[in-house]
Structures are given as C-alpha cells and as structure tokens.
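Asks: sequence and predicted structure are below.
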Amino acid sequence: MRLSTDGDRDDAVALETIAAAADAGITVFDTARAYAAHDAASEHNERLLARALRRCGADGRARIVTKGGMARAGGGWIPDGRAGAILGDCEASLAALDGLPIDLYLIHAPDPRTSWQTSVRALARLLREGMVTHVGLSNVNRRQLDEALDLVEVTAIQVALSVFDDSAVRGGLLDSCEQRGVAVIAHSPLGGRRRARSLARRTVLVEIGQGRGATPEEVALAWLLDLSPSVVAIPGARRPETARSAAAAAAVRLDDKDRALLNNSFAWPPPPRADPSPPAAGEGEVVVIMGIPGAGKTRHAGEYVARGYVRLNRDERGGSLSQLSDALQDTLASGVRRVVLDNTFLTRAARSRVLETAVRNSVAARCVWIDTPLAQAQVNLVERLLDVSGSLPDPDALRLLARREPGILSPTRQMGRVRELEPPAMDEGFVAVQRIPFTRLPKDTQVSQSASEGVLVAAAALAAPGWDQTIARCAPGTVHLLFDWRPGAPLDALDVEVARLAAHVTGGVVPALCPHAGGPPVCWCRPPLPGLILDFARSHGIDLSRSALVGVSPAHRTLAAAVGARYVPV
C-alpha cells in the first residue's frame, strides 16, 4: 500500500522492492484499487505491481490479491459496498493489471450504508462470471464471515493480526477459519507503521532472534506464521532489503519456550482450558451490559448499581477496554463479588478479556444485550449531544466535542461501531445471555402536558401535488418546522418554501437546513438523521409523540417512526 500512498513514494524503488520479493520466493502480492494518494490516482498500485512483475519475469508465478469497494474521497478511506461499485472496481482493477489474472478478490471493508448481503452477492457475481478465481473478505468479524459463507464460497479473509493485535484470536475468527478451511491473511503483521518501530526494542524478540540469526521483525513474523497453517502474513515492505527480510522470516522456527515467552510478553490470550464450561452461577457475578452506542446501557447499569453492584465504566474511568479488564481484576481480587460493566462490548474480542478475568476469579459472567435499533440509538445520541452542547454543533465543533466528551460521536463513527456488532453467544463463556428489546420510556407527565404539538414538513413535500390539502388536515394553527438537506446552500435557501408554507398555516414556520457536504455524514443535522427535528422540538417545547411529519419518501416515514411522530404522506 505505502508504495503508492506515501508522500515520498518512489516508483523506481518500488519496482526494485517488488522484484526483490519475487526473487526471494514470495509469490503472494497484495494490492487494491484504492491504494493511491487520492481518487484521481486510483489503480496506481495495481499498475505498479503489474509493471514490476512483468519486468522481473515473475508474472507467471505470482498470485495477485486485490480489493474493491473503497473510495479515496478527499484522501480518506470511504467504504462503498454497493454492488455496482464493487463490479466497477473489479473491472477497473482488471484493466490496471493489464492482463494479469486476479487470483483473490476481496471486499475492502463492510460498508455500514449498504446491506452486507448486497455486497457479498456482488462478490458471488464476480466469481460466477469468471472475472476472478477466488473471493474473500477484508476487515470483517466472525458474524460477517458466517453471513457471507451462506452466500458465497469464501477462500480467504484479511484482518489485522500481529503480536500487538490479537482481536482475530480473541474473537474466535482464527478458530472459525481453521475449521472452515478459510485462509487468514494478516495485514499489518508487524503492528502497523507506528508500532513496528518498537519491535527492535522488545527484549524477547531481540533475544530469540539472536539465538536464530534473525532480526526482531523476522521473529515477530515467524511467530505469526507459527500460530496456524491458515495464516499468511503480508508485511508492507518499502525497500528491497525489507522484502528479503520478510521472506527470510518463513524459515525461522520457534519452540514451545519461545511461544510461551512471546505470549506472556505481548499479553496474548491463554490457551483454551481443558474444561471450557464457565463457572456456575452463585452469589457473585459479573454482568456485561452491551449494545451499540446510544443503546441505553447507562440506564440499565443504574438498576444494577441500585441493587448493590459495583459499576465499572470506561467513559468515567478513562483508558481502554483492556485497562477496564485490569480494573475488574483488581475489584474482584479485593473481595467484591458483584460487578456490572456497561461499555460498547460489541465484539467477541472485546468481551473476551472480561470473561477471562471472571473465570480467573471463579465468578460467573452474564451478558445483557440491549438490542436497540440504529435509528433509536441515533435519537439517544442526539439527545445526549443537545444535553451537552445545547444546540447542534457543526462538523468541526462536533469533532472537537467528541474528543473531550465521553459518549459523543459523529454519525459515521456510530455507524462504524454498529458494523462491528457481533451478537453475544453462550459459547463465549457466559452462563446466560439476556436480550432486552428496545423500549423508549415515556416522558415525565408534567413535561408532556406542558409541551405542544407541532408539524414537521420535509421541503420535498411542497413539490408534490396536493401538499396544501395534506397540510390543512394536520394542525395549521401550530408551529411548523420546514427542514431539508442542501449541500453548500446559504441559510436563506428555504425562503421561497417558507413563504409558500406560511401562506397555508397560522402557527408560524421555522426553517431548518443542513448545508453540509455529501458522503458519509459528518453532522447530525442531515435528514433522515434526527438532529434538526430533535433540536426544533427541544427549543420550541414540542411533544413529538403528538406531532405529525409530512413527507414523500420511505426515509421520511422511517424518520417519523424514529422520533415518535405520526407520518402523513402527501
């Protein structure tokens, strides 16, 4: 990747590096259409690879892995899992590779805005039409793998895996792949650009390497390959000497003592117990309350605290989930036997440390899954945002606020977390898994009685025939919100529509406009996100459960359901 994305990239050195890798015996070359500095330079990496392989004569024995379903808008990484996008990316990659076949084609990452089944079916089409030899998935969890296997034969997955990153092991992904015959391609196998520099300072790697004539980096790669015959590592060499070093790592052999030292040094999970059953439920227990951001975990945790449980929460304590597990260990070791944790434990990997700690202390662990739909969790996050800031911040202010305020997220950040969700299961080691469906608590009676009804009008509705009769049937004497999303529009962009609506109502019209750009949402005010409506309801004392939303699309219907308003189609 970095042969194309780095600012100081040098194509001549890149060609030498690929040739050195091929000469050293490496046959698998991983690339992607999106490996470029920006969208305009798409396919740079694939063209570079094809040129290098032909130039060094390795094109006949090389196996090419490439990926699609990712855009580089603005230099960022934006998943695009639409079937058309994946098909178009594959066609572009075939052209860029200039006749070299694609041995393995991967979805670059799940797109939270597109059905996962839609993306996977696009892979199946590529396979069916003979455009690629094999297909697979990148940056997925076990749930996503299981769902994909129902639709297509998955040959390989690609995930982060290194001495620093054990998520694929803790989450059961490696075990699952071994059982199903799916290869695991470990990207960032030295920990990524930043952490790779620290390997040379790790005493355990240095000492093991000295006994085998290997560098610390080669030992780290050898240990990764030693995990399982299913693992293939793809270190991102940028120079010929590092490519040759990576190839040499395959010849390094480790013994049981080396493995134990490495596991302990990097705090990897312990080997499976002979008896995998969890401790029996008794007087003590650890309760893990999980759910997507905005699910309502805090309220449920409060119920346990009222019953005498000690609450451990990362937002309050700071630090990581791993450090929260250390705090759990200290709490249980102090004699406390009832503990509740309520953070976003969305993955099996995130929950595994808590379960290990519970087992170590002979305390049963129980999971409470607050199964809140995304739309309702978005309402909760916006309400929390309004509590903190008093109004909807613009994208820049939202980013700053999210850095200093726990529980404040952008829509894209929340959707990314939702993409990670793996529903809890008994085979993780829980004594019980309780699913709690979403219910929104009624508002305080006094607050509800003092609030007024309102009418929420999507600007698009005013272009539909008969909109005025529809408005007349709602509540023309109440205040009306006219809302829309118009990227780059000035604040007065709704003036014409406001005047048209005001001519048919007596309660007044309040305009609300999201002017922010397209792409993944960076604000909470873009419809059908609920920000504009919730801000209006709070500032004007509106009871949304007594209000109507006038719209013309399924998105408007969904928005009405999310905020609890009655939907009135034009």
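Replies: Ah, there it is. Numbering: from 1, shown residues only.
Asks: C-alpha from now on. contacts and neighbour counts both.
Replies: Will do.
Asks: per-residue pLDDT, the closest residue to residue 188 other than its chain neighbours?
Replies: Leaving aside its sequence neighbours, residue 188 sits nearest to residue 160 (C-alpha to C-alpha, 6 or more residues apart in numbering; 5.7 Å). The score at residue 160 is 96. That number is its pLDDT.
Asks: what about residue 160, neighbour count?
Replies: 22 (other C-alpha atoms under 10 Å).
Asks: identify the bridge partners of it.
Replies: Note on residue 160: beta-bridge partners by DSSP bridges are residue 187.
Asks: got a list of what it touches?
Replies: Applying C-alpha atoms under 8 Å, 6 or more residues apart in numbering, one finds that residue 160 lies in contact with 139, 167, 168, 186, 187, 188, 189.
Asks: what's around the fourth one, how many residues?
Replies: Just to be clear, that refers to residue 186. 23.
Asks: cool, residue 434 as well?
Replies: Residue 434, neighbours per other C-alpha under 10 Å, totals 14.
Asks: ditto for residue 98
Replies: Per other C-alpha under 10 Å, the neighbour tally for residue 98 reads 13.
Asks: touching, it and residue 49? I think so.
Replies: No. Counting by C-alpha atoms under 8 Å, residue 98 stays clear of residue 49, with 10.3 Å between them.
Asks: tell me which helix or strand comes right after the host helix or strand of residue 556.
Replies: Using DSSP states H and E, the element containing residue 556 is helix 554-563. On the C-terminal side of helix 554-563, the closest following helix or strand by DSSP H and E is strand 566-569.
Asks: chain center to that next one: distance?
Replies: Centre-to-centre, strand 566-569 and its host chain are 33 Å apart (C-alpha atoms, centre = their mean, to the nearest Å).
Asks: which neighbours does that strand have in its sheet, and in what orientation?
Replies: Assessed with DSSP bridges, strand 566-569 is paired to strand 548-551 (parallel).
Asks: which residues sit against the partner strand?
Replies: Here strand 548-551 has contacts from 454-458, 460-461, 470-471, 474, 556-557, 560, 565-570, using C-alpha under 8 Å, 6+ apart.
Asks: ok so, going back, what are the buried residues along the helix holding residue 556?
Replies: For helix 554-563, a neighbour-count test (16 or more other C-alpha atoms under 10 Å) marks 556, 557, 559, 560, 561, 562, 563 as buried.
Asks: and the spatially closest residue to the fifth one that is not a sequence neighbour, what does it touch?
Replies: In this structure, residue 561 finds its nearest non-sequential neighbour in residue 567, 7.5 Å apart by C-alpha to C-alpha, 6+ apart. Residue 567 is in contact with 548, 549, 550, 551, 556, 557, 560, 561, counting by C-alpha under 8 Å, 6+ apart.
Asks: a markdown table please, covering those residues and showing distance to residue 227 and pLDDT.
Replies: A markdown table is the format used below for the contacts of residue 567 (distance: C-alpha to C-alpha, whole Å; pLDDT from 0 to 100):
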| residue | distance to residue 227 | pLDDT |
| --- | --- | --- |
| 548 | 58 | 97 |
| 549 | 56 | 98 |
| 550 | 58 | 97 |
| 551 | 56 | 97 |
| 556 | 50 | 96 |
| 557 | 50 | 96 |
| 560 | 51 | 97 |
| 561 | 49 | 95 |
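Asks: what about the chain, any weak spots by pLDDT?
Replies: Within the chain, the stretches with pLDDT under 70 are 39-41, 270-282, 443-450.
Asks: got the CA positions of the longest helix along it in CSV?
Replies: Selection of the longest helix in the chain by residue count, based on DSSP state H, yields helix 374-389. C-alpha atoms of helix 374-389 as CSV (Å, rounded to 0.1, in the frame of the first residue of the first chain):
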residue,chain,number,x,y,z
LEU,A,374,-29.8,2.1,15.0
ALA,A,375,-32.5,4.8,14.4
GLN,A,376,-33.4,4.8,18.1
ALA,A,377,-29.8,4.8,19.2
GLN,A,378,-29.3,7.8,16.9
VAL,A,379,-32.1,9.6,18.7
ASN,A,380,-30.5,8.9,22.0
LEU,A,381,-27.1,10.2,20.9
VAL,A,382,-28.6,13.4,19.6
GLU,A,383,-30.5,13.9,22.8
ARG,A,384,-27.2,13.4,24.7
LEU,A,385,-25.5,15.9,22.4
LEU,A,386,-28.2,18.5,23.0
ASP,A,387,-27.9,18.0,26.7
VAL,A,388,-24.1,18.7,26.5
SER,A,389,-24.0,21.5,23.9
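Asks: show me what it is packed against.
Replies: Counting contacts by 3 or more C-alpha pairs under 8 Å, 6 or more residues apart in numbering; DSSP states H and E, helix 374-389 packs against helix 531-539, helix 554-563.
Asks: other SSEs contacting the host helix or strand of residue 339?
Replies: Using DSSP H and E, residue 339 sits in strand 338-341. The contact analysis (3+ C-alpha pairs under 8 Å, 6+ apart) places strand 338-341 against strand 285-290, helix 297-306, strand 310-312.
Asks: go with 10 Å
Replies: Under the contact criterion of 3 or more C-alpha pairs under 10 Å, 6 or more residues apart in numbering; DSSP states H and E, strand 338-341 touches strand 285-290, helix 297-306, strand 310-312, helix 321-333, strand 364-371.
Asks: now the second one against strand 285-290, angle please.
Replies: Which is helix 297-306. Relative orientation of helix 297-306 versus strand 285-290 (axes from the mean of the first three to the mean of the last three C-alpha atoms, to 10 degrees): 160 degrees.
Asks: over to the fourth one?
Replies: Between helix 321-333 and strand 285-290, the angle comes out at 160 degrees (the same axes, to 10 degrees).
Asks: please spell out which residues along helix 321-333 are buried.
Replies: Buried residues in helix 321-333, counted by 16+ other C-alpha under 10 Å: 321, 324, 325, 327, 328, 329, 331, 332.
Asks: with the third one instead?
Replies: Of all the residues in strand 310-312, those buried under the rule 16+ other C-alpha under 10 Å are 310, 311, 312.
Asks: ok, so of the residues you listed, who is nearest residue 92?
Replies: For these, the minimum distance to residue 92 (C-alpha to C-alpha) is 49.8 Å, reached by residue 312.
Asks: other SSEs contacting the helix or strand residue 87 falls within?
Replies: Assigned by DSSP H and E, residue 87 belongs to helix 83-96. Contacts defined by 3+ C-alpha pairs under 10 Å, 6+ apart place helix 83-96 against helix 44-56, strand 63-68, strand 70-71, strand 104-107, helix 116-128.
Asks: make a markdown table from the ones you listed and add distance to residue 399 and mean neighbour count to it.
Replies: Below are the helices and strands packed on helix 83-96 laid out as a markdown table (distance: least, C-alpha to C-alpha, whole Å; neighbours: other C-alpha atoms under 10 Å):
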| stretch | distance to residue 399 | mean neighbour count |
| --- | --- | --- |
| helix 44-56 | 32 | 20 |
| strand 63-68 | 29 | 24 |
| strand 70-71 | 22 | 24 |
| strand 104-107 | 29 | 26 |
| helix 116-128 | 28 | 19 |
